[in-house]
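*Asks:* What would the 3D arrangement of this be:
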Amino acid sequence: APAQDRVTMVATRRAKRAASSASKKTGYVFCLLLAAQYGLQPFLKVFIADGVNKVSLVLGTELAKVLIGVVGMLLDGSLASNFAGWNPRGAAFAVIPSLIYAAQNYLLVFGYQSMDSITFNCLNQSKLVSTALCLYLLFGTKQSVVQMVALAGLLVAGVMLQDGGGDGGSSSKGKSSSSDAELAVGVAAVIAASALSGVASAACQYAMQRIGTPAHVFTLEMAFVAIPALLVSQAGLIAEDPAVLFRGWDARTLIPVFASAFGGICVGQVTKNLGGIAKGFAIVGGLVLTGLAQGVQEGRWLETRTLVALVLVVSCVWAHNTHPPAKPKSKRQ
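*Replies:* Numbers count the residues shown, from 1 in each chain. Predicted coordinates for the structure are as follows:
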């Protein structure tokens, strides 16, 4: 019997290692897809006509997430199994990150209007640090010294790659009439938004890894929270003329909408299989791809900052993945 128990334990450990390895591979694939989507999304804005209601684009993206999620689960036959343990009480948890993301977006818009681009981009990158901190507080996920240096390097790379670096001076001149109090409030708003980003990311990871909500299901739950909220925000406009909400749309508008929705699906898979910090790496990797694609589009060699950032991102990803915290030594009696 003891021998049989040992065999069972070994088999269970092997099964867990195989499942963990498969999960990580899935996460890496979606991490690359997310970086590609984020990097190429800015080039898809040419398909959006002038004057299109921005809220309608967000609404369309949420509806597209539902469509992609349902079709994806139907194709791989996981629809029934993913919703087997579904219950309204567990689904209610999706309200938390949805509301947090809504508040974050409002704070970012307010902060961006109160300061120059360079200051905004530097402060906004602090969400990587807030994500790591929230994961530590919620999961006890520690970062090694090398990993913390890698996060700092990623933060620097993100700042280097953000657009608007050259217009910082003109932006600051345009804001010269703003009061110090307004600037202080704007800085506080961006820092608060970055902190909320970490909380929301940790909440999503908690729902998918601790509660066990499948990534597709959690993405759908968040979409079903966002859709009514968006419709309520446009209630007055819809009451006057429902057609005006999607005025200016054509078949080409679906391209950026579905691309953005696919990015949302990728975020769920990355958070589920690799965690919230990996999402930050994917987004900064997307910024590198944007610089590469822009260089190809304009027929010019890459800027020095893009090349330096590319080396920095690759180095940081390698360092963060290969230098986890040391495991505590088990004490034997």
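*Asks:* chain center to stretch 143-154: distance?
*Replies:* 19 Å (Cα atoms, centre = their mean, to the nearest Å).
*Asks:* Could you number the chain from 12 rather than 1 from now on?
*Replies:* Done: numbering now begins at 12, and the last item shifts to stretch 154-165.
*Asks:* Give me the contacts around that stretch.
*Replies:* 139-140, 143, 147, 288, 291-292, 295, 323-324, 326-328, 330-331, 334-337 (Cβ atoms under 8 Å, 6 or more residues apart in numbering). C-beta coordinates here come from the backbone N, C-alpha and C atoms, glycine included.
*Asks:* Let's see which of these end up in strands.
*Replies:* Per DSSP state E, strands hold no members of the contacts of stretch 154-165.
*Asks:* what about the chain, any weak spots by pLDDT?
*Replies:* Across the chain, the ranges flagged by pLDDT under 70 are 12-31, 120, 123-124, 126-136, 169, 172-190, 313, 338-344.
*Asks:* Kindly recompute the last result at 50.
*Replies:* 175-189, 343-344 (pLDDT under 50).
*Asks:* so who does Leu90 touch?
*Replies:* Val81, Met84.
*Asks:* on that earlier part again, and the contacts of stretch 154-165, which are buried?
*Replies:* Among those, those classed as buried by 16 or more other Cβ atoms under 10 Å are 139-140, 143, 288, 291-292, 295, 323-324, 327-328, 330-331.
*Asks:* Just flag the most distant two among the residues you listed.
*Replies:* Among these, the pair separated by the greatest distance (Cβ to Cβ) is Ala143 and Leu323, at 17.7 Å.
*Asks:* Do I have it right that Ile238 meets Leu74?
*Replies:* Yes - contact criterion Cβ atoms under 8 Å: Ile238 and Leu74 qualify, at 6.9 Å.
*Asks:* now the closest residue in space to Gly275 that isn't next to it in sequence: how far from Val106?
*Replies:* The shortest distance from Gly275 to any non-neighbouring residue, by Cβ to Cβ, 6 or more residues apart in numbering, is to Lys76 (5.0 Å). According to Cβ to Cβ, to the nearest Å, Lys76 stands 16 Å off from Val106.
*Asks:* before we move on, back to that, report the secondary structure element holding the residue nearest to Gly275.
*Replies:* According to DSSP states H and E, Lys76 maps onto helix 65-86.
*Asks:* ditto for Ala47
*Replies:* With DSSP H and E as the test, Ala47 turns up in helix 13-51.
*Asks:* Who are the contact partners of the residue nearest to Leu256 when sequence neighbours are not counted?
*Replies:* Once flanking residues are discounted, Leu256 sits nearest to Ser67: 5.2 Å by Cβ to Cβ, 6+ apart. Residues near Ser67 by Cβ under 8 Å, 6+ apart: Gln245, Leu256, Phe257, Trp260.
*Asks:* just how off-centre is stretch 41-61 within its chain?
*Replies:* The answer for stretch 41-61 is 13 Å, by Cα atoms, centre = their mean.
*Asks:* Same question for stretch 248-257.
*Replies:* With Cα atoms, centre = their mean, you get 31 Å for stretch 248-257.
*Asks:* Show me the helices in the stretch 112-261 of the chain, by range?
*Replies:* 128-135, 138-150, 156-172, 179-185, 191-216, 226-244, 246-251 (DSSP state H, counting those that start in this stretch).
*Asks:* Select, out of those helices, the one closest to Gly274.
*Replies:* helix 226-244 (11.0 Å).
*Asks:* For the closest one, C-alpha coordinates in PDB please.
*Replies:* The C-alpha atoms that make up helix 226-244 are tabulated as PDB, following Å, rounded to 0.1, in the frame of the first residue of the first chain:
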ATOM      1  CA  ALA A 226     -10.300  33.200 -18.800                       C
ATOM      2  CA  HIS A 227     -13.000  33.300 -21.500                       C
ATOM      3  CA  VAL A 228     -15.800  33.300 -19.000                       C
ATOM      4  CA  PHE A 229     -14.300  36.100 -16.900                       C
ATOM      5  CA  THR A 230     -13.700  38.200 -20.100                       C
ATOM      6  CA  LEU A 231     -17.400  37.700 -20.900                       C
ATOM      7  CA  GLU A 232     -18.500  38.600 -17.400                       C
ATOM      8  CA  MET A 233     -16.600  41.900 -17.500                       C
ATOM      9  CA  ALA A 234     -18.000  42.700 -20.900                       C
ATOM     10  CA  PHE A 235     -21.600  42.100 -19.700                       C
ATOM     11  CA  VAL A 236     -20.800  44.600 -16.900                       C
ATOM     12  CA  ALA A 237     -19.300  47.200 -19.200                       C
ATOM     13  CA  ILE A 238     -22.000  47.000 -22.000                       C
ATOM     14  CA  PRO A 239     -25.000  48.200 -19.800                       C
ATOM     15  CA  ALA A 240     -22.800  50.900 -18.200                       C
ATOM     16  CA  LEU A 241     -21.800  52.200 -21.700                       C
ATOM     17  CA  LEU A 242     -25.400  52.200 -22.900                       C
ATOM     18  CA  VAL A 243     -26.500  54.100 -19.800                       C
ATOM     19  CA  SER A 244     -23.800  56.700 -20.400                       C
END
